[in-house]
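>>> With the input below, show me the fold.
(chains A, B, C, D, E and F)
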6 protein chains.
Amino acid sequence: MKRLLITGAAGGVGRVARTRLAHLADVIRLSDIADLGEAGPNEELVQCDLSDEAAVFELVKDCDAILHLGGVSIERTYDEIDAGNLRGVYNLYEAARANGMPRIVFASSNHTIGYYEQDQRLTVDMPTKPDGWYGVSKVFGEAVAHMYHQKFGQETAILRIGSLFDKPVDRRMMATWFSFDDFVSLMERVFAVPRLGCPTIWGASANTCGWWDNSHIGWLGWTPKDDSEVFRAEIEQQPKRPADAPDVIYQGGMFTANPVFRNE
Amino acid sequence: MKRLLITGAAGGVGRVARTRLAHLADVIRLSDIADLGEAGPNEELVQCDLSDEAAVFELVKDCDAILHLGGVSIERTYDEIDAGNLRGVYNLYEAARANGMPRIVFASSNHTIGYYEQDQRLTVDMPTKPDGWYGVSKVFGEAVAHMYHQKFGQETAILRIGSLFDKPVDRRMMATWFSFDDFVSLMERVFAVPRLGCPTIWGASANTCGWWDNSHIGWLGWTPKDDSEVFRAEIEQQPKRPADAPDVIYQGGMFTANPVFRNE
Amino acid sequence: MKRLLITGAAGGVGRVARTRLAHLADVIRLSDIADLGEAGPNEELVQCDLSDEAAVFELVKDCDAILHLGGVSIERTYDEIDAGNLRGVYNLYEAARANGMPRIVFASSNHTIGYYEQDQRLTVDMPTKPDGWYGVSKVFGEAVAHMYHQKFGQETAILRIGSLFDKPVDRRMMATWFSFDDFVSLMERVFAVPRLGCPTIWGASANTCGWWDNSHIGWLGWTPKDDSEVFRAEIEQQPKRPADAPDVIYQGGMFTANPVFRNE
Amino acid sequence: MKRLLITGAAGGVGRVARTRLAHLADVIRLSDIADLGEAGPNEELVQCDLSDEAAVFELVKDCDAILHLGGVSIERTYDEIDAGNLRGVYNLYEAARANGMPRIVFASSNHTIGYYEQDQRLTVDMPTKPDGWYGVSKVFGEAVAHMYHQKFGQETAILRIGSLFDKPVDRRMMATWFSFDDFVSLMERVFAVPRLGCPTIWGASANTCGWWDNSHIGWLGWTPKDDSEVFRAEIEQQPKRPADAPDVIYQGGMFTANPVFRNE
Amino acid sequence: MKRLLITGAAGGVGRVARTRLAHLADVIRLSDIADLGEAGPNEELVQCDLSDEAAVFELVKDCDAILHLGGVSIERTYDEIDAGNLRGVYNLYEAARANGMPRIVFASSNHTIGYYEQDQRLTVDMPTKPDGWYGVSKVFGEAVAHMYHQKFGQETAILRIGSLFDKPVDRRMMATWFSFDDFVSLMERVFAVPRLGCPTIWGASANTCGWWDNSHIGWLGWTPKDDSEVFRAEIEQQPKRPADAPDVIYQGGMFTANPVFRNE
Amino acid sequence: MKRLLITGAAGGVGRVARTRLAHLADVIRLSDIADLGEAGPNEELVQCDLSDEAAVFELVKDCDAILHLGGVSIERTYDEIDAGNLRGVYNLYEAARANGMPRIVFASSNHTIGYYEQDQRLTVDMPTKPDGWYGVSKVFGEAVAHMYHQKFGQETAILRIGSLFDKPVDRRMMATWFSFDDFVSLMERVFAVPRLGCPTIWGASANTCGWWDNSHIGWLGWTPKDDSEVFRAEIEQQPKRPADAPDVIYQGGMFTANPVFRNE
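The predicted structure follows:
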């Protein structure tokens, strides 16, 4: 690829992507509303507010592919979620449509299904159960991706990210952990296949105690290699959680216990 | 019931609700952004912009139940859809939460699943396939309803309205027609049952050629009585549609052929 | 048929059976642990304790068919349930096996699935969820029926009776009501078909608001004709039940709130 | 329609079609390998061997629609089945492809699924279980219909005919009966809908004790009106069949007991 | 854990448990109706008849967890099965309820589903098909576990044990083998997870030719490591079994050929 | 086994079978319509036209097992397909029936399901979607196998071969590749199991990017060992295929783009 756009590049996942995906394109265009520091060798840096339509149109220009990590990634006020995750998605898809429909990876979240219990095994065709306004905004984004695929042929990999960390930090992440290596190998496959369509993909490693069934995307040729089980002993040293704690009951963990954060 | 709020009461479905649901409560509070004419005997009229949070909080006060028809009901620009169907839904659910969580009927739409083909039989647990930004906004609203139900216990009947008209006006409506009588009897049951939860309901009559399976809400005790088939002869006099017309292929009909209407 | 045995003939369902099924056989043999009054024209009366193996062997002799209503039909101590519903079933099936394997109708119960919620539509192949020791005993009986069918070819209609009353007496029975006429027509079909096998049948009328799907036994040629909806107005005059009452939440109704009754 | 071709018009179903479907087109072209008698007012008669490719090409010319009843309809030698039902189908579909792809109704059969037992409820997407070479030939024909639909867009209604008789003549037909009126109303709908695709349809009336689920073709707007149950009393006077008779066990009835008829 | 009760500790599985699970608790309380020999370092021995209610209440006292292996584990007379597997289970669950509801592992059996054929892949939500009275008693026990979970919150791991042996001893055990190591690692996980609920678990190793799908309990974080295939060569030296032998046809093997053993 | 017949032994798969399966029987009888060269040590060579009934009866005599690879294996004219794949199958199954019903492996094909798209995961109970007349002929053969199994007890392993090559030669074969080793190990298991029945088996290796779910034949004890992924780097050097190419869209690859080859 010539140019890959990574939005939200200053965020947690964004920094991993910046570090680990440089080989995917001649130029990596990085954007965020926050500061991105110094540009690396094959990097272009663009500060950009996703709720600014004109800016987003400019941002998407000349890109062959987009990894859309931008927007809010935890529970926030409606106004904040609206700006980044609703209007921001509208702007991004319209910009993509106006610029040759580069393939998109849309960072969705396990919080689209956070109210499923931890003893349930999920497939992507099960109804969503968002666990807050953040989760609702991701259901919205997934719907946009499907609609643009059917109406215009825009391709998107809808990636329901579990927990992209260098290792799991609590018991729940034993199930949701998505290792950097597995993330990278998935990105390689998603941008390599001649025909992507609009699949939903669980963004998680091959965790023994995982909840999510990715067998429907076997055709992608992606096999996650990491398993959180290697951190089992370490994690089990944490104090035991009570059986009725939200992070023990629900896949969405503590998000299910979030209140609504009211606009000021 | 003491007071039933009907939003969007000046719209097509709203006018039917105003005329036919007066018996459901001592007082019917009607609201719309448009003019509502003169108040009838047990009516309260409130002009209200759903995107105005304070106004919506005021509107919902003292209501035992809400029939939420307000917002945009056809494809429009993103700004218009945002105001009524995204922020408007946020405002409504927050207002309901602050006011004792009156039972809500949320007017969703068949355009949440518009890209399914007409020879497919749908159940409500199948993935959505919205056919435009309007449909996307209704997927958003359904997600909000589910989230408020799980997080706060707010009850909503998600009503995916087909075509609420006095009779079908084209071939596609033979499948989607929702008669006034059947709408009324459904509203009666939805507000009568002691426990509603958050079911999704296909808003359509008992049309012989219908696409939607309501067997999951048998427990409601609602049986639609009308069947579009009585209008068959009349409808078949319309010129035959080509086999590749969007209204012949897709459940969402001509909406699937809509472009995106850009903001000015 | 020459001789039909009806056990539990002094109970609620038994008395209906005694009155309404006389035409099914030349002789009706009625049994109960309680007094059965005077024998009618084509009746044989046998007082019998189902936990007495020898007595049950005697009871079953020369019968072409058995309607097994005997045993405990509400929540009781384990000892009582054991005598009638565990050992009693053992005795009955062994007696049937020793006596030419007459076709059996086994009165099971909706309390085998009582912990399903009222907004769930059930098919008979869903896992059981008994709501007490009585329900557990009926799961046991169903297992016995299946085992004798596979091992010996013994035919049984497993009848999960809802509420066999002349009319529904509370809101929950609007869903579970099984009219006398529909019970009779089902018994006629069950004993008429040349090959019965071991089907599970929901014993309920064609109630608009019913929960149970009998489409798998369409082949029997039985169509219930009654619908509890004709009693709707009458029932709705009862005081409204709270949304969190067991009889509003669960299919098993108040049984789900039963404690365990301890043996003395 | 201008011209409807009915093949196999001298056969049992063919004679019904000839009598009852004359109103569907200006001209009815009837063909058979057997004698067709005198032509009626709007009839064209063509004697034709379906295994003769050139003759079939000629036969199909200028037809807007085809009701393909031709070929063998009971168990026969392989040579006979081959001529009419294998090569005959090849000839017909190639002829249709060369002549503007008129819409086809393909007379398939319940013998494609004859080895299912009578207590099973079938949907059309269940695997086939043919009960003889005749049934195998119909599986073949169905596969041809699907292949021509996917490859060329040829539309076919695959009609798995039960028992098209003026009334059921034995117990099994209580389930499989397809009344003349219901057949006619189905043909009307199949040729009227603007887009047919390639659906499989169970050709049976609304028999209370039927085995086949047609809910997937609700969109056609066809509702069978007849029910074999009106003949119940009459049929039940026939001697009872043993429980292990093929016509009591299998949906295909006595066909399941057929040997293979060897070529001479 | 402070104290783990293992019932049936003198039986086949019990002896493995005694040897291999000592590390799970400070004290292991072992019980059986048979002699248990000498107590080991952290062992308490209690001779106990499970049909004796008072004795079972005493037995359960002060235990944090129970591995319930007690009762009959092969086909026996009804009286024997009743004492250990029906009344014994009643006593155990009531004792647990009276003593703080320690987590239970209930030893169920593949004989709950013994009449499924060996070419069928089973999930735990498929209907049971017990292959004798022993299997029926285990269906009963599973129902009790579910009922106590729903009614009282009692947690149970329902463990459908295949063949817990040091290695497979016949062809059928190639599919059902449950290695000691895999049993131990499962017990560790079952007692470690903060929330267990009431899952059904197939007790089998990762046998290549296994029949049972444990994917629904992936969340437990248990992965069996052993595979019977390493014994393939050895097993294949046994004389070939006829295709119609019960142990070749049915998952329950020779149990399906058992008669009923009559009480004396 | 004493004697294994391999038909089509001069074809691509046949030559592999000839080389690699010699250990399965004392004598390997090889047949083809084409020349088979010199007989090896334990080989019998028979030139045979499968459409010649008498010859096929002779061919099958004294065989314990048949690997039926004969007939046409790519798209051809109807006459060619008829001779080898329709009449040829009739002849083979009748010959088997007359000769003690030796176990058969029937070489079916992925072209029975060629019109499924590459992002769909298939199980064998999904409806067929043949991609040409060759695929239709294999649907026919599968139907014959099922019918002979139900009617006569004839056992067949229906093997839907993907791409039996020494390594994948294009992108599509990354999913369909069936290594020689995996083919051999499957043949060993198919002929070793005491009871085969009539399973359908996907003939493919354990390719990471495979489309086909073989979990239903776990009971066979066969685990493919090879994975096309080892050839990924090599294959990815081929020029990228356009997203709308038939071999990118459909599982059947270029076969879906085949015309019908008309008889001369």
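>>> packing partners for the helix or strand where residue A:79 lies?
Assigned by DSSP states H and E, residue A:79 falls within helix A:78-81. If you count contacts as 3 or more Cβ pairs under 8 Å, 6 or more residues apart in numbering or on different chains; DSSP states H and E, helix A:78-81 packs onto helix A:133-152. Placement of C-beta: from N, CA and C, glycine included.
>>> List the buried residues in the helix it packs on.
Buried positions in helix A:133-152, judged by neighbour count with 16 or more other Cβ atoms under 10 Å in any protein chain shown: A:133-151.
>>> For the nearest residue to residue A:171 once chain neighbours are set aside, grab the count of nearby residues.
Leaving aside its chain neighbours, residue A:171 sits nearest to residue A:235 (5.8 Å; criterion: Cβ to Cβ, 6 or more residues apart in numbering or on different chains). By other Cβ atoms under 10 Å in any protein chain shown, the residues close to residue A:235 number 17.
>>> How about the contacts made by residue A:235?
A:168, A:170, A:171, A:173, A:174 (Cβ atoms under 8 Å, 6 or more residues apart in numbering or on different chains).
>>> OK, contacts around the third one?
The one in question is residue A:171. Residue A:171 touches A:235, A:238, A:241, A:247, A:248, E:194, counting by Cβ under 8 Å, 6+ apart.
>>> Check the contact between the last one and residue A:241; I expect there is one.
To tie it back to what came earlier, the one meant is residue E:194. Yes: here residue E:194 reaches residue A:241: they are 4.9 Å apart, a contact under Cβ atoms under 8 Å.
>>> about what we covered before: of all the contacts of residue A:235, which comes closest to residue E:3?
Taking Cβ to Cβ as the measure, residue E:3 sits nearest to residue A:171 out of the contacts of residue A:235, at 25.0 Å.
>>> Could you look up the SS state of the closest one?
Secondary structure state of residue A:171, per DSSP: H, G, I helix; E, B strand; the rest coil, is coil.
>>> any idea of the pLDDT on it?
The model reports residue A:171 with a pLDDT of 97.
>>> List phi and psi for it.
phi -60, psi -40 (degrees, to the nearest 10).
>>> Could you measure from the residue nearest to residue A:171 over to chain F?
Distance of residue A:235 to chain F, given as Cβ to the nearest Cβ, to the nearest Å: 29 Å.
>>> buried sites along the helix or strand containing that residue?
In this structure, residue A:235 sits in helix A:232-236 according to DSSP H and E. For helix A:232-236, the neighbour count (16+ other Cβ under 10 Å) marks A:232, A:235 as buried.
>>> what does the helix or strand following that helix contact?
Scanning forward in sequence from helix A:232-236 by DSSP H and E, the next helix or strand is helix A:246-249. Helix A:246-249 has contacts (Cβ under 8 Å, 6+ apart) with A:117-118, A:170-172, A:241-242, A:252-254, A:256-257, E:194-195.
>>> which residues in chain A form strands?
For chain A, the strands defined by DSSP state E cover A:3-7, A:27-32, A:43-47, A:65-68, A:103-109, A:156-161, A:200-203.
>>> Which of these sits closest to chain B?
Ranking the strands of chain A by proximity to chain B (Cβ to the nearest Cβ) places strand A:200-203 first, at 8.7 Å.
>>> Just the mean pLDDT for the closest one, thanks.
Rounded mean pLDDT across strand A:200-203 is 98.
>>> can you check stretch A:82-95 too?
Across stretch A:82-95, the per-residue pLDDT values average to 98.
>>> How many residues are close by the residue nearest to residue A:187 when sequence neighbours are not counted?
Leaving aside its sequence neighbours, residue A:187 sits nearest to residue A:21 (Cβ to Cβ, 6+ apart; 5.8 Å). Other residues within reach of residue A:21, judged by other Cβ under 10 Å, total 18.
>>> Contact partners for residue A:5?
A:29, A:30, A:31, A:59, A:60, A:63, A:65, A:66, A:67, A:102.
>>> Next: residue A:67.
A:4, A:5, A:6, A:7, A:17, A:21, A:104, A:105, A:107, A:187 are the contacts of residue A:67 under Cβ under 8 Å, 6+ apart.
>>> redo that, cut-off 10 Å
By Cβ atoms under 10 Å, 6 or more residues apart in numbering or on different chains, the contact set of residue A:67 is A:4-9, A:13-14, A:17, A:21, A:24, A:28, A:30, A:103-107, A:157, A:159, A:187, A:190-191.
>>> Kindly export the helix holding residue A:79 (C-alpha atoms) in PDB.
Only the C-alpha atoms of helix A:78-81 are listed here, as PDB (Å, rounded to 0.1, in the frame of the first residue of the first chain):
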ATOM      1  CA  TYR A  78     -23.000  12.100  25.400                       C
ATOM      2  CA  ASP A  79     -21.600  15.300  23.900                       C
ATOM      3  CA  GLU A  80     -18.100  13.800  23.800                       C
ATOM      4  CA  ILE A  81     -19.300  10.500  22.400                       C
END
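>>> Residues contacting it, please?
Applying Cβ under 10 Å, 6+ apart, the contact partners of helix A:78-81 are A:71-72, A:74-75, A:86-88, A:132-138, A:140, A:260-264, B:53, B:86-87, B:90-91, B:94.
>>> give me that answer again for 7 Å
A:72, A:133, A:134, A:137, A:263, B:90 (Cβ atoms under 7 Å, 6 or more residues apart in numbering or on different chains).
>>> from the residues you listed, which single one is nearest residue F:128?
Closest to residue F:128, out of all of those and judged by Cβ to Cβ, is residue A:137, at 42.3 Å.
>>> From residue A:16, how far off is the residue nearest to residue A:167 when sequence neighbours are not counted?
Residue nearest to residue A:167 in three dimensions, not counting chain neighbours: residue A:231, with 5.5 Å by Cβ to Cβ, 6+ apart. According to Cβ to Cβ, to the nearest Å, residue A:231 stands 18 Å off from residue A:16.
>>> what sits opposite the most centrally placed residue in chain A in the beta ladder?
For chain A, the residue nearest the mean C-alpha position is residue A:107 (2.4 Å; Cα atoms, centre = their mean). When assigned by DSSP bridges, residue A:107 has beta-bridge partners residue A:159.
>>> list the contacts for it?
Contacts of residue A:107 (Cβ under 7 Å, 6+ apart): A:13, A:68, A:69, A:159, A:161.
>>> Go again with 6 Å.
A:69, A:159, A:161 (Cβ atoms under 6 Å, 6 or more residues apart in numbering or on different chains).
>>> Next, the contact list for the second one, please.
Taking Cβ under 6 Å, 6+ apart as the contact definition, residue A:159 lies against A:105, A:107, A:201, A:203.
>>> Can you tell me which of those are classed as buried?
A:105, A:107, A:201, A:203.
>>> what pLDDT does the closest residue to the last one other than its chain neighbours get?
In other words, residue A:203. Distance criterion Cβ to Cβ, 6+ apart; nearest residue to residue A:203, sequence neighbours excluded, is residue A:161 at 3.9 Å. For residue A:161, the pLDDT comes out at 98.
>>> that older thread, tell me which of the buried ones among the contacts of residue A:159 is nearest to chain D?
residue A:201 (27.0 Å).
>>> any idea how far that closest one is from residue E:216?
For residue A:201, the distance to residue E:216 - Cβ to Cβ - is 21 Å.
>>> how about the residues of the stretch 1-150 of chain A that lie near chain B?
Where the stretch 1-150 of chain A comes near chain B, counting by Cβ under 6 Å from any Cβ of the partner chain, the residues are A:78, A:86, A:90, A:115, A:125, A:127, A:130, A:136, A:139-140, A:143-144, A:147, A:150.
>>> If we use 8 Å, what do you get?
Within the stretch 1-150 of chain A, the positions lying close to chain B (Cβ under 8 Å from any Cβ of the partner chain) are A:53, A:78, A:82, A:86-87, A:90, A:94, A:97, A:115, A:125-133, A:135-136, A:139-140, A:143-144, A:146-147, A:150.
>>> so where's the stretch 51-200 of chain A uncertain?
Along the stretch 51-200 of chain A, no part satisfies pLDDT under 70.
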